[in-house]
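Enquirer: I need the structure of the sequence given here:
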Amino acid sequence: MKQTILLLLLATCLHLHAQTTYEIKKNIGYYPETASQNDSYIKSQCTIDLYYPANKKNFTTVIWFHGGGLTGGSKEIPKQLMENGFAVIGVGYRLSPKVKAATCIEDAAAATNWVFKHIAEYGGNPNAIFISGHSAGAYLSLMITMDKKYLNKYDFDANKIAGVISLSSQTITHFAIRNERGIKETQPVIDEYAPLYHVRQDLPPIILFTGDAEKEMLGRYEENAYLYRMLKLNKVAEVKLYKMDGYDHGSMPQASYPLMIKEIARLQKEIKN
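Expert: This next block holds a predicted model:
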């Protein structure tokens, strides 16, 4: 009996010892210090919060861009993505109308470049970095992956991104950019600021989520369905589309997170260290 109890205590101790512990580093600037010194808005907005498994090596990372129409919102780390064995990085970026909406895309690329350069310092695998976000954040994720010019600025190939997990993105030109041009939000435009404009065969995995077609914002489901079809027709190797029936634009992330975590687990098995 005593031996059994001792074995149980030992097993419990080993289990507790093996548990992953997480740390968070806040307000890390992702632009060079000289840029933030010369621009107070860059200093206040262009930072990341890094939540990572401190006692684990070679972990996967998810870069998370917040929503808010490119005009609002702030960096966040969704609690549903915490304590799942991977790091989550909440990214802040400048917002319209203080800057042109296209600047948000440039900030997203700069933050992504920082993560790829520095995640190994915290124990992360630079070959296992996913990009994600909701709404405007999902749009930024798709844009910096599909239009290679944004990361090419840093001599970085966007194809090294392990995958994009997009939660209710616009796939036509973002309405904040159309608004700057005096174009109403119900007038669709597809130009260089539309993920659809940059469809190509050699893209990394793209997983698309939307809410219910009848509850989503404007034509968000149909936009994503069309992007999905164009990616398939261009023979992109890994594409999925999930429609979360019964959920609107604001609530669809809650339904999407469990599937998102499963997709990350599935895709990371295919990543070479």
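
Enquirer: tell me where the stretch 1-150 of the chain has helices.
Expert: 2-18, 33-38, 40-45, 101-118, 136-146, 149-152 (DSSP state H, counting those that start in this stretch).

Enquirer: most tightly packed of the ones you listed?
Expert: Comparing the helices of the stretch 1-150 of the chain by mean neighbour count (mean count of other CB atoms under 10 Å), helix 136-146 ranks first with a mean of 28. The way it works is simple: take the backbone N, C-alpha and C, and place the C-beta from them, glycine included.

Enquirer: relative to helix 101-118, how tilted is that one?
Expert: Angle of helix 136-146 versus helix 101-118, following axes from the mean of the first three to the mean of the last three CA atoms, to 10 degrees, is 70 degrees.

Enquirer: what's in contact with helix 136-146?
Expert: The contact list for helix 136-146, computed with CB atoms under 8 Å, 6 or more residues apart in numbering, reads 63-70, 73, 93, 104-105, 108-109, 112, 131-133, 150-151, 158, 161, 164-171, 174, 176, 193, 195, 198-200, 203-204, 206.

Enquirer: which helices and strands sit right next to the longest strand along the chain?
Expert: Longest strand in the chain, counting residues (DSSP state E): strand 124-134. On a contact count with 3 or more CB pairs under 8 Å, 6 or more residues apart in numbering; DSSP states H and E, strand 124-134 meets strand 59-65, helix 101-118, helix 136-146, strand 163-167, helix 252-268.

Enquirer: in a markdown table: the ones you listed, plus mean pLDDT and distance to residue 34.
Expert: Output for the helices and strands packed on strand 124-134, formatted as a markdown table (pLDDT from 0 to 100; distance: least, CB to CB, whole Å):
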| stretch | mean pLDDT | distance to residue 34 |
| --- | --- | --- |
| strand 59-65 | 98 | 24 |
| helix 101-118 | 98 | 14 |
| helix 136-146 | 98 | 23 |
| strand 163-167 | 98 | 31 |
| helix 252-268 | 97 | 35 |
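
Enquirer: could I get those as JSON lines with distance to residue 80?
Expert: Listed next are these as JSON lines, based on distance: least, CB to CB, whole Å:
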{"stretch": "strand 59-65", "distance to residue 80": "11"}
{"stretch": "helix 101-118", "distance to residue 80": "20"}
{"stretch": "helix 136-146", "distance to residue 80": "15"}
{"stretch": "strand 163-167", "distance to residue 80": "11"}
{"stretch": "helix 252-268", "distance to residue 80": "4"}
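
Enquirer: what comes up buried for the longest strand of the chain?
Expert: Burial within strand 124-134, assessed by neighbour count using 16 or more other CB atoms under 10 Å, is assigned to 124-126, 128-134.
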